[in-house]
Structures are given as C-alpha cells and as structure tokens.
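Undergrad: pasted the sequence and its predicted model underneath.
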Amino acid sequence: MELARGAGPAGAPGAPASKRTKDESKSRSRQRWRKAKAKASRLTHSMDLRTMTQSLVTLAEDNMAFFSSQGPGETARRLSGVFEGVREQALGLEPLLGRLLGVAHLFDLDAETPANGYRSLVHTARCCLAHLLHKSRYVAANRRSIFFRTSHNLAELEAYLAALTQLRALAYYAQRLLATNQPGGLFFDGDEGLTADFLREYVTLHKGCFYGRCLGFQFTPAIRPFLQTISIGLVSFGEHYKRNETGLGVTASSLFTSGRFAIDPELRGAEFERIIQNLDVHFWKAFWNITETEVLSSLANMASATVRVSRLLSLPPKALEMPLTADPKLTVTISPPLAHTGPGPVLVRLISYDLREGQDSEELSSLVKSEGPRSLELRPRPQQAPRSRSLVVHIHGGGFVAQTSRSHEPYLKSWAQELGVPILSIDYSLAPEAPFPRALEECFYAYCWAVKHCAFLGPHMPPVRAQCPWPRARAPVPGMTKPPSKPGSTGERICLAGDSAGGNLCFTVSLRAAAYGVRVPDGIMAAYPATMLQSTASPSRLLSLMDPLLPLSVLSKCVSAYAGGETEDNSDSNQKALGVMGLVRRDTALLLQELRLGASSWLNSFLELSRQKSQTNSVPVAEPMRRSVSEAALAQPETPLGTDSLKSLTLHDLSLRGSSKTTDTPELSLSGETLGPSTPSDVNFLLRSEDASEEAEVRGEQSTKDKAHGGGTTFPEGFHPRRSSQGATRMPFYSSPIAKNPFMSPLLAPDSMLQSLPPVHIVACALDPMLDDSVMFARRLRSLDKRVTLRVVEDLPHGFLSLAALCRETRQAAALCVERIRLILTPPGAAAPAAPPI
C-alpha cells in the first residue's frame, strides 16, 4: 500500500505524495494566516478608540516617511500621499466619534440593549480604522520584501482612505442631527423643506468606494463573499435591463458579462453607484424577483427542510362576519380588499411540517391554486397529526414592491419544523401596481380569514378575549360565531410574524384589528421592521450610503411606490400581461440563444479590457467598457413638462401643506376607519426626565454652532468629502402626506392606538439602516408600559432571514427569531424557552 500510494503515473514515483505535502503546507499556511488575522482583529477590537487612532497615526507616519525616501517614483508618491491622508482623516475623525459615543447611551432602549444609529456609525468607522490599522501594519512589515504587491496594496489603501473620508462626513452629519433633533429623537426634526435640503445634500456624497474593494467591510467576514456575488450580479443584471431581455435571458447574459466586474472592483463600484442612483423601482422589482423563478426557487427548496404541506390557496373575496372580542354574540363585517383594483382574491401559502386534521379537507382543497409545473408538496399519510395548539401568520418583506412567500419558503419550512405549528404566509399585492392601502387590506382580510377558519389550517379554534367594544357591532349571524374555549384550555395562540416591510404590515394589521374590535394576535415578532416611511434622516439611515442591500435612493423609491407616488415604467405592456412567471417560461425557450450571445459578449469584453490595460495603467477604463443602461438613461433628454411633472408638483404642494401641524391632509377611508395623520402632540419621542437634562448639556454648544451656520452642514474648513459624479439622483425628497398615516408609519401613531397592540418582540440588526425604526418604536411602546423586547444582532445585514443557511451567524440570528415566536406561542404560566446566545 505504501508503494501504491507513493507511485505516480508517467514514471513519476512519489508525485502524489509530493503534491499532498504541498497541499498540506498550503493548508497550514492558510490556517496560520487566518489565526494571525483573527488575533489582530481581536487586538484591534479590544483597543479603545483613542489608542487605535494613535497606533494608526504612528504607523501612517512611519510608512509615509519610508515611501517619501524611495525616490520620485509615482507609486511611492501615491503611497506616501495615501498614508498622509489616512493620518489626517484619522486625527479628524477620532474626536467626532468620541463625542457621538459620549451621548449614544441616551438613545438606547435600556442599559441591557445598547443599540442605536449613533453607536452603529461609530462601530462602522471603527471597523474601517481597524482595517486600515491592520493593512498599515502589513505594509510596514512587508514593504521591503520582493513579494510585496505594491499595486494591490495601494489600490486597497486608496479605497479605504476614500471610505474613511466619507465616514468622517457621515459623522459630521450625525453631529448635525444631534444638534437639530428634539431630546431623545433619532429622526431629523425639522420642516419638510429643511429635511429635503438635508437629504439632497446627503445623497450627493460619493458612494462607489463602498461597493468596490470595501464592500461589506462592516459585516461579518462570512457574509462578504455573498455580498460580493450579489453586487456583481446586480451590476451585470443592470447592463441588460430594458434591452428587450427579461427573466432568464437577462440572467444568462449577466453570467457572461460579469467577469470584468469580478476582476475590477473600481469598475464594479462605479457601476453600482450609477445603478442605485438612476434606475427606477421596476428594476429593483425585477432583480429581487429573480428568486421567484422556478429554477432558483426549486434549488432553494431542495436545500430546505421537507414539509408535508406546502399549498398555495386563493381566498375568494367574500365578506367575513367576525365576532367582537367585547361581546362574542355580536359580529362585525370584514369587507374584502377593495382599494385601487376592486374586489379580488387574496393568495396565501399554507406550510405545515406534519399533515394535520383539517388540512386535507374538501373545504380547504377547493381553495388550492395551481402553481404550474411545480409539484405539490402534499403527501397524505394514513395517520394524521392532531390539530396544533398555535398558528403563525407570516407577512413577507420585499420593500412593498417585490417577492412573495415563495422567496421566503426555505426559512418558513424550517420554522414549521422547529415550532411544530402550521404557518400561513400572505402573498399581498405589490406596489407600484397596488399601492397603499391595498397590501394592508389584503393582509388584514387574510388574517381575519385565518382566525375564522383556523380549524382548516391545523390549530383549534382560538378563544375570544375581552377588549374594547366597537360601535359598528350588530346582531350575530346564526352559525357564524362559535363559543369560546374554556379558561386554561390550549389551542389559542396566534402569532403575527414578518420581516422588513412585512414587520410594518404586522403592526398595522394589529392596529386595524383593534380598530375593528376583532381579536388581535397574541404577539408580534417583527424582524428589522420599517416603522417610519417618511423621507427623513436618522443616524442609522446615514449608513444607507454604504449598505449594498438598502441604499437610500432604493429605500426612497420603494416607499414612494408604496405611497402611490409617480414611478417610471417603460416596460412593454405585453411583458406586463405575461407576468413574472410567464416571462420566465417564455425566456426559457431563448436560453440557448442568450448563452451563445452572452459568451460572445463576455469574450469581447475581456479582449477589450486586456487591450486597454496593455496601453496604459494610469488611464481609466475607456467609456465603451462602462456603457450601461443607467448611463444611457442619464444621456436621454428630460421629458417636457407634462402629466409626470404636474403630478410631482402636486405631491410637492401636498407635502408642504402636510408639514403644518393641522390635520388638513385628505383622509383615506379604509372600510370604515378614518386614516388621518396623527398630530404632533399625540406622539411622544421625549427622553426620560433624567436623560433629557444630560443630553441638553451635551447638545448645547453644538446646537449654537449649527444655528450660527443657518442649519447648514458644519464641515470644518479644509475638509471636503468626495461628491458623486453620477449626476442628479432620481429620488423624491418630499414625503407624500399619506406617509404620515399611522397605518403606513406606525411610529407616528398616537398613544391611544399603540395601547391596543399585543406584546411586541423585535429582532433588529445593529448595522441596518432601519435600526432606528426599531429602537424608536420600542421606546414608544416602553413609554406606554407595553410589553416589548428588542434584540439586536451584530455584524449582519438587513434581510438575514433569507440568508439563514449561509453561515453560523445568520443561523443564530434566525434561531433568535424562532425563539421569540415560541415565546409568543407559549401559553401564560408555562415555562418560557431559554434565549439562544447571540
């Protein structure tokens, strides 16, 4: 065996053993490198901010002196200049971060939950400083080596210097927010004109440096390769968008044109910035819906848990008679969704790990909607499981404009397995085709249907609990109301769960249930929810400058579409008629042709890139290499003043009127309740009294300085952040008046409405631009003595539930969401489950 193992082909005895020795040596070398990097990371994270800055400045000065002595070469000059810039920005940033960190504790929910946008901004800047410190040490230790990769290290240092410069600008913006906002407030406090001016100045900052070499530097290292893949796919997809290619055609072409974006981070960053600033909401809708294709959804389901039931149901638009919680003998009528498109069915997906009693009934089977060639995952077995004691009603995220329960099915299957309860996920209509309040109406209708027909879904009929009476009550309809269960009986727990936009809808569905007087859920689990849909700034939203999943312009476009604002739509009407899945089936027939054309384009791109790089190393990539649809859109002449401009003007005028403290905003009727904006006196954002005086002292000096400048940005003399070269950003700066509606922005709901909410459990991300939404909403509920918990996970991006299978950190965060749901489903008096470590 020894001889056989050592003998190699072609008369090369011992070749495999030699190769194996080399592989083992490389493996040990990689392990040593990872351990050294991990040790350096722990060391930098254990440093305080001042020590880290002093160490970085010392190393920068040493490297600057070394490269200045290397002669007049261009590379040495650029390296010396980079370290000089690092020294300057680090010294300017450190006192800023210290001031922000000194007051950050005043905005926490409590001492056990140290999280808010100011802390996140300081942490992000600290991550950038730590990376520069690590890179400066590496350069100092290896700059004399013949294996020192000068061009690579120079490019990385220049990218992180640009990032550090922009982070310093964000720190000044955060300082301005601190001086302008009310005590305890995290959101920009000013009239709409001042808010628009602030956002208009903020979006002119350069962003491309955060989407190239620095992409995802603030997140856990395990998530960065995924973010890089997403960014490459995004810019490649953007090149072929609106070129009469859709569905798999775009995907196939993108695969073969993504090579140059993978090898050129600077090109990728510039193209990413161009796309997020100039392409409309329909592009993001198309890109996010790639996961809805049969191929990708089938692959995702293959890697997920296997369940007995996964059925798409179509609920007919029939009025429901729901018993009132105050008096079950009285009922209230729940009308089917009517807004914008009239009565129509509501789609929901029933997922259950076990086949339970009632789930194969004729009544439920009559509602099943075919999903085309996809196989039905209902496999009856002789023995059925008993009805579950609980039910989870899930509302998916997607910015109100994209995705369905199909995209979220992988982690929902895991939930069904771990919790042992059926899950009903609602496929609400999406904006911009169905703006507010259509999604809310459909989610509320589906929730009421689930409460009324839960016997079909697996759980027992839930009991009716006493709440406030509803004046629209009337006599009961015979046979419509079942008697409540006996006290202490099980089978009565309903949890509303949602992520991002779905979290927003969970809150508003509960508020609407309370307004109607019907049963509210036993609790809400909201993951990284959006609770403030006005176009306003906050410390955490400043992080959208560098977030690859939630850039500010994309957030604004999605919210504008949900609010019914004007959106550009140049798509073909025939493609609209086909729908997403119809386009996929049509494009499948053209896949081979697209592969062939894509391969040719890919080869030509690499040949052109090689030819241009051989000419010069200092000249940027030629313009034909960077041609894209978004660039073409910038070159198109502006449309003359017409209906589009008139509508924009109308929204602008409405927003100016809506900025007053009166409630003159046009009211929108939602099947009975009045949805007017709440008055400022109803909304309490104030700190506790002992914190208010402390913050006032800290803010006093800065506030005086800011007002002396007329409210303008207080950049010090000589500091100039990098500005975007992509032209004007196409995004609305004025909020639609409807965004002030408490059923759209629950953070703005008056106290009387928030008092009706059940226990709320929020799971947020420390580096999420929507973090302040969660913190401020939790503080509002805490001030009303409502039961609320806020758990904040570190180093993960927005949308981690869809990435649950990606790495250990996302699995732990997803497990925390499951634990929060289990806490809601646990009957009162039972032992609560232990929280998983995060």
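TA: Received it, and whenever you're ready, just let me know what you need.
Undergrad: and Glu256, what's its pLDDT?
TA: To be clear, residue 256 is Phe; Glu isn't right here. pLDDT for Phe256: 55.
Undergrad: again but with Asp197, I slipped
TA: Reported pLDDT for Asp197: 78.
Undergrad: kindly report the same for Gln359.
TA: pLDDT, Gln359: 84.
Undergrad: so it: helix, strand or coil?
TA: Remark: Gln359 carries the secondary structure label coil [criterion: DSSP: H, G, I helix; E, B strand; the rest coil].
Undergrad: then Asp327?
TA: Here Asp327 takes the coil state, with states given by three-state DSSP.
Undergrad: how much space between it and Gly517?
TA: Asp327 sits 9 Å away from Gly517, taking C-beta to C-beta, to the nearest Å as the criterion. (C-beta placed from N, C-alpha, C; glycine too.)
Undergrad: again with Pro345
TA: 26 Å.
Undergrad: same check, this time on Leu816
TA: 33 Å.
Undergrad: on that earlier part again, so Pro345 and Gly517 - more neighbours on which side?
TA: Gly517 (24 against 16; other C-beta atoms under 10 Å).
Undergrad: surely that one touches Pro328?
TA: No. With contact defined as C-beta atoms under 8 Å, Gly517 does not reach Pro328; the gap is 11.1 Å.
Undergrad: show me what secondary structure element comes after the helix or strand that contains Asp197.
TA: Taking DSSP states H and E as the definition, Asp197 sits inside helix 192-202. Elements were assigned by DSSP H and E; along the chain past helix 192-202, the next helix or strand is helix 224-240.
Undergrad: can you name every helix or strand that that next one contacts?
TA: Of the remaining helices and strands, those touching helix 224-240 by 3 or more C-beta pairs under 8 Å, 6 or more residues apart in numbering; DSSP states H and E are helix 248-257, helix 259-263, helix 265-278, helix 281-288, helix 629-635.
Undergrad: pLDDT averaged over that helix - what is it?
TA: Here helix 224-240 scores 87 as its mean pLDDT.
Undergrad: mind listing what's buried in that helix?
TA: Going by neighbour count (16 or more other C-beta atoms under 10 Å), the buried part of helix 224-240 is 226-228, 230-240.
Undergrad: so which of those is the closest to Ser500?
TA: Ile230 (16.2 Å; C-beta to C-beta).
Undergrad: skipping adjacent residues, who's closest to the closest one in space?
TA: Spatially, and ignoring its direct neighbours in sequence, Ile230 is nearest to Pro548 (6.7 Å; C-beta to C-beta, 6 or more residues apart in numbering).
Undergrad: what about the one you found, neighbour count?
TA: Neighbourhood size, Pro548 [other C-beta under 10 Å]: 19.
Undergrad: swap in Tyr211?
TA: Residues near Tyr211, counting by other C-beta under 10 Å, number 28.
Undergrad: contact partners for the nearest residue to Arg126 once chain neighbours are set aside?
TA: Once its chain neighbours are removed from consideration, Arg126 has its nearest residue in Leu49; the separation is 6.6 Å (C-beta to C-beta, 6+ apart). For Leu49, the contacting residues are 94, 97-98, 101, 122, 126, 129, by C-beta atoms under 8 Å, 6 or more residues apart in numbering.
Undergrad: can I get stretch 540-557 in PDB, CA atoms only?
TA: What follows is stretch 540-557, C-alpha atoms only, in PDB (Å, rounded to 0.1, in the frame of the first residue of the first chain):
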ATOM      1  CA  SER A 540     -28.800  54.600  11.200                       C
ATOM      2  CA  ARG A 541     -30.200  55.700   7.900                       C
ATOM      3  CA  LEU A 542     -26.900  57.500   7.200                       C
ATOM      4  CA  LEU A 543     -25.500  54.000   6.900                       C
ATOM      5  CA  SER A 544     -27.500  53.500   3.700                       C
ATOM      6  CA  LEU A 545     -24.700  55.400   2.000                       C
ATOM      7  CA  MET A 546     -22.600  52.200   2.200                       C
ATOM      8  CA  ASP A 547     -25.300  49.400   2.500                       C
ATOM      9  CA  PRO A 548     -25.300  47.200  -0.600                       C
ATOM     10  CA  LEU A 549     -28.800  45.900   0.200                       C
ATOM     11  CA  LEU A 550     -30.600  49.100   1.300                       C
ATOM     12  CA  PRO A 551     -29.200  52.200  -0.400                       C
ATOM     13  CA  LEU A 552     -31.100  55.400   0.500                       C
ATOM     14  CA  SER A 553     -32.300  56.000  -3.100                       C
ATOM     15  CA  VAL A 554     -33.700  52.500  -3.300                       C
ATOM     16  CA  LEU A 555     -35.500  52.900   0.000                       C
ATOM     17  CA  SER A 556     -37.000  56.100  -1.200                       C
ATOM     18  CA  LYS A 557     -38.200  54.700  -4.500                       C
END
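Undergrad: avg pLDDT for it?
TA: Stretch 540-557 shows a mean pLDDT of 91 in the predicted model.
Undergrad: and if you look at stretch 741-754?
TA: pLDDT averaged over stretch 741-754 equals 96, rounded to a whole number.
Undergrad: quick one: terminal-to-terminal distance for it?
TA: 14 Å (C-alpha to C-alpha, to the nearest Å).
Undergrad: please identify the buried residues of it?
TA: Within stretch 741-754, judged by 16+ other C-beta under 10 Å, the buried ones are 741-749, 753-754.
Undergrad: out of the residues you listed, which is nearest to Tyr160?
TA: Out of the buried residues of stretch 741-754, the one with the shortest distance to Tyr160 is Leu747. That distance is 35.2 Å, counting by C-beta to C-beta.
Undergrad: got a list of what the closest residue to Glu409 other than its chain neighbours touches?
TA: Excluding its sequence neighbours, the residue lying closest to Glu409 (C-beta to C-beta, 6+ apart) is Asn301, at 6.4 Å. When contacts are counted by C-beta under 8 Å, 6+ apart, Asn301 touches 409-410, 413.
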